[in-house]
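In: A structural model of the following input is requested.
(one chain, ligands or ions: 2)
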Amino acid sequence: MLRHKNIRIFLVIAVLQFSFLFGKCDLPCRARDVGIAGRSAVCVCDATYCDTVTRNAPAPGTYVTYTSSRAGKRFEKSGGVIETNSHNKKDAKQQMNGKDDVSDNIQPKIFNDASYRLFSNVQYQTIEGFGGSVTDAAGVNWRKLSFNTQTHFVNSYFSKEGLEYNLIRVPIGGADFSTHPYTYNEYPWNDAALSNFSLTVEDYFYKLPLIKRAMAVATSEIKITASTWSPPVWMKTNNAITGFAQLRPQYYQSYADYHIRFMEEYEKSDVHIWALTTTNEPVNGIIPFVDFNSLGWFPWDLGHWVADNLGPTLRNSRFNKTLIFAVDDQRYLIDVYLQGMIRAAPKSLDYIDGIAIHYYGNFIPASILSSIQERYPGKLLLSTEACEGPMPWDVMRVKIGSWERAARYTRHILDDLNNFVIGWIDWNLCLDDKGGPNWAHNYVDAPILVYGDKDEFIKQPMYYAMGHFSKFMPRGSKRIEVLRRSLGHVPNLAVLTPEGNIVVLLHNSNTREMNVRLSTSLTDHIDLTLDPESITTVEINPQSN
Ligand SMILES: *[C@@H]1O[C@H](CO)[C@@H](O)[C@H](O)[C@H]1NC(C)=O
Ligand SMILES: *[C@@H]1O[C@H](CO)[C@@H](O)[C@H](O)[C@H]1NC(C)=O
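Out: Numbering: from 1, shown residues only. Ligands and ions are numbered 1, 2, ... in the order given. Model prediction:
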């Protein structure tokens, strides 16, 4: 009796606490129907308005949920109290009914029910974070906005009222998402000492200002990964920005120095580089399907360059803490590259801190990443590039309001993180409504599209998909074990945050509701009903008060 009373008082307090918390309302999505059948809404931001999302820390014994759906929910909040089946209660019921209580049965009857046990003491990789890329194209679009709209953009991605991104990738020089192809130190030719290295207008007007504004509002340190697409063409065997080309052997050291010089220049603006990749998509200059900035690397050459030039140069420099991520290409190329590099130059493995992975080969199952982790223990797996719409068979480059693209992001991020990936970096933070600018006409989609002439930008469903991870899985969270105990299933990911809360992302891609039970212990659980075609993040505070 006393126990019952305690529970009831606790419930009342918890509910009060919720209504108090939800009193501090976020600014809701200003939804725009894009007017195309089958598309989801986009959220419109301008100089005077932009939707926000704040995280409500759940009180001990409670949970908070955030839901986005095809039907139009965007981080819609709800919550409740962790339920406890006391054994006494169950025994009493069993005595009364003379049989097992059906509602306490752990095996649901049908496929609409899914049940999971969360084991926060069984831990896997530590999460580094989530983010997007500050390309020239992103900077050019952002710069078209008025100061207030720029602020809404930066806050939307990086601040406490936004997605709290803490990773950025930045191209070293130009990429295809630039208005023209360029590199640093283009002249004089054959300048092995890089005597004329200097940043460009793109750095000073677009990339550095956007990075600095992001750093100013970020809730944790922004860790920046930098990648070269193409070195100055005089270092390359074909003297051109694209096509079949490798690095001329006499410039191996110059190309390593090129990276050091870039970091020195960025440091002058107080922008510190956390990691380098060993060149963007090295296969593009070997099998030149693509006609944009590239440098081809055969695995054995890359091994020698890392072991003899980049590795020692970096470790003997004042940037000796900078991480090196190798490969920076599709998942099916990782093992080919690593094996080739190590066979040619075993020391290259010692210099590599991790492996960078791109998104466009994801027709190969993500389980390959777990086997890579097993074969190269201690190496960090980082997803460094992803976007929707780049494939030859993608009829639409930009598919405004597409829920399918948000669902695909969600599915692949879940797959990656459930296979030991520590962080996930999206491609362009924003593009225009054509998916550019891109000097090579390689237009793609982005989570935010900018309309410079109207001084507004729109947040697509992909933006919210990213946020369901980045906002609630802070750096230092550890992935934990999820044990399925039902026939029904909802793809999911569970982490334990540094604060000791359990965060679970649930992706219901069905067109029907799903009932999900999450058990945090033998006796404690929460029951959720997931909307059709929805993404739900739930943060559970399992501590009793
Ligand atoms: C140095 O680079 C600039 C472009 O950044 C170029 O205009 C100039 O001609 C170069 N200097 C020499 C000596 O090539
Ligand atoms: C790394 O560089 C810093 C700063 O130059 C230096 O103090 C430190 O000794 C270096 N560490 C190693 C391991 O070389």
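In: which non-adjacent residue is nearest the closest residue to ligand 1 within the stretch 401-545 of the chain?
Out: Distances between the stretch 401-545 of the chain and ligand 1 by CB to the nearest ligand atom are smallest at Trp439, namely 18.2 Å. For glycine as for every other residue, the C-beta is placed from the backbone atoms N, C-alpha and C. Nearest residue to Trp439, sequence neighbours excluded (CB to CB, 6 or more residues apart in numbering): His180, at 5.3 Å.
In: what about the one you found, how many residues close to it?
Out: For His180, the neighbour count with other CB atoms under 10 Å is 10.
In: doesn't it fall inside a strand?
Out: No - going by DSSP: H, G, I helix; E, B strand; the rest coil, the assignment for His180 is coil, not a strand.
In: Make 324 the starting number, not 1.
Out: Fine by me, first position is 324 from now on; the one you just mentioned is His503.
In: shouldn't it be in contact with Thr523?
Out: No - using CB atoms under 8 Å as the test, His503 is too far from Thr523 to be in contact (10.2 Å).
In: In the stretch 574-723 of the chain, which residue sits nearest ligand 1?
Out: As assessed by CB to the nearest ligand atom, ligand 1 sits closest to Glu588 within the stretch 574-723 of the chain, at 12.3 Å.
In: Which parts of the one helix or strand that residue maps to count as buried, going by neighbours?
Out: Per DSSP states H and E: Glu588 is located in helix 575-591. Buried residues in helix 575-591, counted by 16 or more other CB atoms under 10 Å: 575-586, 588-589.
In: Among the residues you listed, pick out the one closest to Ala568, please.
Out: Of all the buried residues of helix 575-591, Ala568 sits closest to Tyr578, with 12.6 Å by CB to CB.
In: any low-confidence regions in the stretch 424-573 of the chain?
Out: For the stretch 424-573 of the chain, applying pLDDT under 70 flags the ranges 424-432.
In: who in it is up against ligand 1?
Out: Proximity of the stretch 424-573 of the chain to ligand 1 (CB under 6 Å from any ligand atom) is limited to residues Tyr510, Pro511, Asn519, Ser521.
In: coming back round to it: each with direction, which strands does the following helix or strand past the helix holding Glu588 pair with?
Out: Where DSSP H and E defines the elements, the next helix or strand beyond helix 575-591 is strand 598-600. Strand 598-600 sits in its sheet next to strand 546-551 (parallel), strand 646-653 (parallel), going by DSSP bridges.
In: Do I have it right that Leu350 meets Thr377?
Out: No - applying CB under 8 Å as the test, Leu350 and Thr377 come out as separate, 9.9 Å apart.
In: So these two - more neighbours on which side?
Out: Each of Leu350 and Thr377 has its neighbours counted (other CB under 10 Å); Thr377 has more, 17 against 13.
In: Could you measure from that one over to ligand 1?
Out: 45 Å (CB to the nearest ligand atom, to the nearest Å).
In: Which residue does the stretch 524-673 of the chain have closest to ligand 1?
Out: For the stretch 524-673 of the chain, CB to the nearest ligand atom, closest residue to ligand 1: Val524, 9.9 Å.
In: Just give me the residue right at the centre of this structure.
Out: Nearest to the geometric centre of the chain sits Trp747, at 3.1 Å (CA atoms, centre = their mean).
In: Would you mind measuring from that one to Gly455?
Out: 10 Å (CB to CB, to the nearest Å).
In: where does this structure have its least confident helix or strand?
Out: helix 410-420 (a mean of 40; mean pLDDT, DSSP states H and E).
In: and after that helix, which helix or strand comes next?
Out: Beyond helix 410-420 toward the C-terminal end (DSSP H and E), the next one is strand 436-449.
In: Can you tell me which helices and strands that next one packs against?
Out: Applying 3 or more CB pairs under 8 Å, 6 or more residues apart in numbering; DSSP states H and E, we find strand 436-449 packed against strand 744-751, strand 801-807, strand 815-819, strand 825-831, strand 837-842.
In: contact partners of it?
Out: Residues outside strand 436-449 that contact it (CB atoms under 8 Å, 6 or more residues apart in numbering): 429-431, 704, 743-745, 799-809, 811-813, 815, 817, 819, 825, 827, 837-843, 865.
In: likewise stretch 670-678?
Out: Residues contacting stretch 670-678 (CB under 8 Å, 6+ apart): 598, 625-627, 629-630, 633-635, 637-638, 646-650, 657, 661, 664-665, 695, 699, 702-705, 745.
In: Only alpha carbons, please: show the host helix or strand of Ile691 as CSV.
Out: Here Ile691 sits within helix 690-698, counting by DSSP H and E. C-alpha atoms of helix 690-698 as CSV (Å, rounded to 0.1, in the frame of the first residue of the first chain):
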residue,chain,number,x,y,z
SER,A,690,29.0,-5.6,-41.7
ILE,A,691,32.2,-5.2,-43.8
LEU,A,692,33.0,-2.4,-41.3
SER,A,693,32.8,-4.7,-38.3
SER,A,694,35.2,-7.1,-40.0
ILE,A,695,37.6,-4.2,-40.9
GLN,A,696,37.5,-3.2,-37.2
GLU,A,697,38.3,-6.8,-36.3
ARG,A,698,41.2,-7.0,-38.7
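In: What residues of that helix count as buried?
Out: Applying 16+ other CB under 10 Å to helix 690-698 flags Ile691, Leu692, Ser693, Ile695, Gln696 as buried.
In: So Thr385 sits against Asn864, correct?
Out: Yes - under the criterion of CB under 8 Å, Thr385 makes contact with Asn864 at 6.0 Å.
In: which of those two has more neighbours?
Out: Between Thr385 and Asn864, counting by other CB under 10 Å, Thr385 is the more crowded of the two (26 against 21).
In: can you list the weak-confidence ranges in the protein?
Out: Those would be 324-347, 409-432, 868, if you go by pLDDT under 70 across the chain.
In: hey, where'd the helices end up in it?
Out: Secondary structure of the chain (DSSP state H): helices at 325-346, 410-420, 459-466, 470-481, 524, 531-540, 575-591, 622-628, 634-638, 657-667, 671-674, 690-698, 726-740, 784-793.
In: Highest mean neighbour count out of these?
Out: helix 784-793 (a mean of 26; mean count of other CB atoms under 10 Å).
In: what angle separates it from helix 726-740?
Out: 30 degrees (axes from the mean of the first three to the mean of the last three CA atoms, to 10 degrees).
In: Show me what helix 784-793 is packed up against.
Out: Secondary-structure packing of helix 784-793 (3+ CB pairs under 8 Å, 6+ apart): strand 385-392, strand 452-456, helix 726-740, strand 857-863.
In: In JSON lines, list these along with distance to Phe621.
Out: JSON lines is the format used below for these (distance: least, CB to CB, whole Å):
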{"stretch": "strand 385-392", "distance to Phe621": "44"}
{"stretch": "strand 452-456", "distance to Phe621": "26"}
{"stretch": "helix 726-740", "distance to Phe621": "27"}
{"stretch": "strand 857-863", "distance to Phe621": "41"}
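In: Let me see the domain layout of the chain.
Out: Following automatic domain parsing, the chain resolves into domains at 388-449+800-863, 452-793.
In: who does the closest residue to Trp747 other than its chain neighbours bridge with?
Out: Spatial nearest neighbour of Trp747, excluding adjacent residues (CB to CB, 6+ apart): Ser706 at 4.5 Å. Per DSSP bridges, residues listed as beta-bridge partners of Ser706: Ile680, Trp747.
In: Can you report how many residues neighbour Ser706?
Out: With other CB under 10 Å as criterion, Ser706 counts 23.
In: Return the residues in contact with it.
Out: Ala679, Ile680, His681, Tyr682, Ile736, Asp739, Val744, Gly746, Trp747, Ile748.
In: neighbours of the first one, just the number please.
Out: Taking other CB under 10 Å as the criterion, the count of residues near Ala679 is 27.
In: Please report the distance of it from Ala549.
Out: Counting by CB to CB - Ala679 and Ala549 are separated by 11 Å.
In: intersection of neighbour lists for the two?
Out: Counting by CB under 8 Å, 6+ apart, the residues touching both Ala679 and Ala549 are Thr600.
In: measure Ala461 to Leu468 for me?
Out: In this view, Ala461 and Leu468 are 12 Å apart by CB to CB.
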